[in-house]
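Colleague: fold the following.
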Amino acid sequence: MDLVDDVAAENHHQLRRLVWSIQSSYGRLNLLVAICDNWKYRDEIIDTYEAELREKGTRCDRIRIDLRQPSLKQSLQTHVEQEPELATSPAAVVTILGADELLGLRLNQERSALDQFLFSLQWTRESLRGFHLPLVLWLTPRIAAQLADKAPDFWSWRGGVFEFSQPIAWAFEPGRGQSQSQAQTPSSPVADPADLQQQIDELLAQDPDSPLLGSLYNDLGKALENEVRYSEAEVAYLNALHCREQQLGTDHADVADSLMNLASIYRLMGRYEEAESLVMRSFAIYEQQLGADHPDVATSLNNLAELYRSMGRYGEAEPLYKRSLAICEQQLGAKDPDVATSLNNLALLYSSIGRYGEAEPLYERSLAIREQQLGADHPDIAQSLNNLAGLYKSMGRYGEAEPLYERSLAIWEQQLGADHPDVAQSLNNLAELYHSMGHYEEAEPLYERSLAIQAKTLPENHPYNQTGYNNFRSLVQAALKTGQADQLSDHPVTQELLRQLSGPE
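Modeller: A predicted model of the protein is given here:
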């Protein structure tokens, strides 16, 4: 996608990974660690994946760690004895709760229940081999950190880690996993880079080889990317990649995730050649480790195709988009938001090469899925509206394009803030429409604002900066040719362009 990933999109991606990992683990032991710091949102996620899996015939059980005897093995053994059919079920998953309730609980014993639990996990691997099914162990970030520190052997054989962040809107809604008094002073809706850096510094001082460092650096990169601090995000992602390669080897799926994140930053910075090699390496790892039809393989294909489209290599992009779309439809279903993304991106390619008749139904289907699945004000809706408007503009259907561009701009401003690069691009697109319609007076302030945002948020050599300036220059030139230059403002950039274009060539 062209947007910086928001919290909802990342949570959805983590959920799809978790569901796929469960489905691919039937009949064998696979420990899947899920991390969430909001118990109510955690329960919502569990309800969601259990409902989906039950529709496909999966047995979904839940157990809670016994606070009196905090042993994962014992809790599982007790449950299987009470539910013997679980052991013979061809498709089953057990969700494990209660570990977060062990923090600080003493039970009148010298060691806390959490200490006992973590100690027991060091000897859990062999004792759990009799349980032939996937286990989803839910932890808070704090307990996950202690688990990695106190039970490194147990942590090392996990089959995957899936991190969920509280939805942004929840931070401002009373009663969503917090008390009324807490809701009056909402916490920050997104990760704080300074807080993450402090955690990293503390962990480096205590345990420089901790397996949590890679995840923390990755989270730091996402937080910095969200704040459009791309150069700093690049450093964080490079550190995450280094940690994961050192601890997991060069062919682990988490390494592929880090490669993809770093490639995303390079693409946002216009460093396409560097991004290409990273995406191709990430794709090779995903395909080798997860299989050719895994949703993460589809994501890699889509990202590589996006790069090729940005570089004008359309012939190479099309088959990648199509393969990505086919995997998503097969593995996730026709109404999944990832399918909408694939449809949107393939349509964008067709629009770029003038195949408008093929692009329009894909855009329309993508928009319909997103409105149904994500709601009317999601940033992905803005993307679909923007792209469909661009198609209508290319086809000369200006009256249909204008309200779509305006609605797209309103969503992006609301969801991303007034100074986000995607807002700048949206302003530029609406200005381009007014330019094409001959409405120079309406286009000019949009170009000016777009250029100001890009100058503030993008690297100086980013392609969007030059494109935006060229578009503005073209507007001033058109106004001069049609005798409408007197309608333009006294903005410094406008006046400088007027002087350049009015003078001798």
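Colleague: and the pLDDT for W20?
Modeller: pLDDT recorded at W20 is 84.
Colleague: show me what whichever strand or helix holds it packs onto, helices and strands only.
Modeller: Using DSSP states H and E, W20 maps to helix 7-23. When contacts are defined as 3 or more C-beta pairs under 8 Å, 6 or more residues apart in numbering; DSSP states H and E, helix 7-23 sits against strand 30-36, helix 39-55, strand 134-139, strand 160-164, helix 295-310, helix 337-352. Yep, even glycine has a C-beta here, placed from its N, CA and C like the rest.
Colleague: TSV for those, including distance to Q23 and mean pLDDT?
Modeller: Below are those laid out as TSV (distance: least, C-beta to C-beta, whole Å; pLDDT from 0 to 100):
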stretch	distance to Q23	mean pLDDT
strand 30-36	11	87
helix 39-55	7	86
strand 134-139	9	89
strand 160-164	12	85
helix 295-310	11	88
helix 337-352	16	90
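Colleague: what would those look like in JSON lines with distance to F283?
Modeller: As requested, these are arranged in JSON lines below (distance: least, C-beta to C-beta, whole Å):
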{"stretch": "strand 30-36", "distance to F283": "23"}
{"stretch": "helix 39-55", "distance to F283": "26"}
{"stretch": "strand 134-139", "distance to F283": "25"}
{"stretch": "strand 160-164", "distance to F283": "19"}
{"stretch": "helix 295-310", "distance to F283": "4"}
{"stretch": "helix 337-352", "distance to F283": "15"}
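Colleague: any chance of these in JSON lines, with distance to L427 and mean neighbour count too?
Modeller: What follows is those, written out as JSON lines (distance: least, C-beta to C-beta, whole Å; neighbours: other C-beta atoms under 10 Å):
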{"stretch": "strand 30-36", "distance to L427": "36", "mean neighbour count": "22"}
{"stretch": "helix 39-55", "distance to L427": "34", "mean neighbour count": "15"}
{"stretch": "strand 134-139", "distance to L427": "43", "mean neighbour count": "24"}
{"stretch": "strand 160-164", "distance to L427": "33", "mean neighbour count": "21"}
{"stretch": "helix 295-310", "distance to L427": "20", "mean neighbour count": "24"}
{"stretch": "helix 337-352", "distance to L427": "19", "mean neighbour count": "24"}
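Colleague: which one of the ones you listed lies nearest to V19?
Modeller: Distance to V19, taken as C-beta to C-beta, is lowest for helix 39-55 among the helices and strands packed on helix 7-23, at 5.4 Å.
Colleague: and the angle from that closest one to helix 7-23?
Modeller: Interaxial angle, helix 39-55 versus helix 7-23 (axes from the mean of the first three to the mean of the last three C-alpha atoms, to 10 degrees): 50 degrees.
Colleague: helix or strand right after helix 39-55?
Modeller: strand 59-64.
Colleague: name the helices or strands packed onto that next one?
Modeller: When contacts are defined as 3+ C-beta pairs under 8 Å, 6+ apart, strand 59-64 packs onto helix 39-55, helix 72-82, strand 92-97.
Colleague: so for that strand, what gets flagged as buried?
Modeller: 59-61, 63 (16 or more other C-beta atoms under 10 Å).
Colleague: okay, who's weakest in those residues by pLDDT?
Modeller: Lowest in pLDDT among the buried residues of strand 59-64 is I63, which has 86.
Colleague: and the closest residue to that one other than its chain neighbours, what pLDDT?
Modeller: Nearest-residue entry for I63: H79, 4.7 Å, with adjacent residues in sequence omitted and distances by C-beta to C-beta, 6 or more residues apart in numbering. pLDDT, H79: 85.
Colleague: isn't H79 up against R64?
Modeller: No - under the contact definition of C-beta atoms under 8 Å, H79 does not touch R64, with a separation of 9.5 Å.
Colleague: thinking again about what came up before, now for the residue nearest to I63, how many residues are close by?
Modeller: 17 (other C-beta atoms under 10 Å).
Colleague: about what we covered before: now render the helices and strands packed on strand 59-64 as CSV, adding distance to N30.
Modeller: Converted to CSV, those look like this (distance: least, C-beta to C-beta, whole Å):
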stretch, distance to N30
helix 39-55, 14
helix 72-82, 14
strand 92-97, 9
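Colleague: returning to that earlier point: and D251, which of the helices and strands packed on helix 7-23 is closest to it?
Modeller: Comparison of the helices and strands packed on helix 7-23 against D251 by C-beta to C-beta identifies helix 295-310 as nearest, at 13.9 Å.
Colleague: for the closest one, output the C-alpha coordinates as PDB.
Modeller: Taking C-alpha atoms only, helix 295-310 is exported to PDB below (Å, rounded to 0.1, in the frame of the first residue of the first chain):
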ATOM      1  CA  PRO A 295      -0.500 -15.000   2.700                       C
ATOM      2  CA  ASP A 296       2.900 -13.600   3.600                       C
ATOM      3  CA  VAL A 297       4.100 -14.800   0.200                       C
ATOM      4  CA  ALA A 298       1.200 -12.900  -1.400                       C
ATOM      5  CA  THR A 299       2.300  -9.800   0.500                       C
ATOM      6  CA  SER A 300       5.800 -10.100  -0.800                       C
ATOM      7  CA  LEU A 301       4.600 -10.500  -4.300                       C
ATOM      8  CA  ASN A 302       2.400  -7.500  -4.000                       C
ATOM      9  CA  ASN A 303       5.200  -5.300  -2.500                       C
ATOM     10  CA  LEU A 304       7.600  -6.400  -5.300                       C
ATOM     11  CA  ALA A 305       4.900  -5.600  -7.900                       C
ATOM     12  CA  GLU A 306       4.400  -2.200  -6.200                       C
ATOM     13  CA  LEU A 307       8.100  -1.500  -6.600                       C
ATOM     14  CA  TYR A 308       8.100  -2.400 -10.200                       C
ATOM     15  CA  ARG A 309       5.100  -0.200 -10.900                       C
ATOM     16  CA  SER A 310       6.800   2.700  -9.100                       C
END
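Colleague: against which helices or strands is that helix packed?
Modeller: Using 3+ C-beta pairs under 8 Å, 6+ apart: helix 295-310 touches helix 7-23, helix 253-268, helix 272-290, helix 314-332, helix 337-352.
Colleague: break the protein into its domains for me.
Modeller: Domain ranges of the chain: 1-168, 418-502, per automatic domain parsing.
Colleague: now distance to I45 too, for the helices and strands packed on helix 295-310, in a markdown table please.
Modeller: Converted to a markdown table, the helices and strands packed on helix 295-310 look like this (distance: least, C-beta to C-beta, whole Å):
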| stretch | distance to I45 |
| --- | --- |
| helix 7-23 | 6 |
| helix 253-268 | 19 |
| helix 272-290 | 21 |
| helix 314-332 | 17 |
| helix 337-352 | 16 |
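Colleague: tell me where the stretch 401-505 of the chain has helices.
Modeller: Under the criterion DSSP state H, counting those that start in this stretch, the stretch 401-505 of the chain contains helices at 421-437, 440-457, 463-481, 492-502.
Colleague: which one of those is the most hemmed in?
Modeller: The highest average neighbour count among the helices of the stretch 401-505 of the chain, using mean count of other C-beta atoms under 10 Å, belongs to helix 421-437 at a mean of 23.
Colleague: by mean pLDDT, flag the weakest helix or strand of the protein.
Modeller: helix 180-183 (a mean of 28; mean pLDDT, DSSP states H and E).
Colleague: show me what the helix or strand following that helix is packed against.
Modeller: Note on helix 180-183: by DSSP H and E, the next helix or strand toward the C-terminus is helix 193-206. Other helices and strands packing on helix 193-206, by 3+ C-beta pairs under 8 Å, 6+ apart, are helix 212-226.
Colleague: if we use 10 Å, what do you get?
Modeller: helix 141-150, helix 212-226, helix 230-248 (3 or more C-beta pairs under 10 Å, 6 or more residues apart in numbering; DSSP states H and E).
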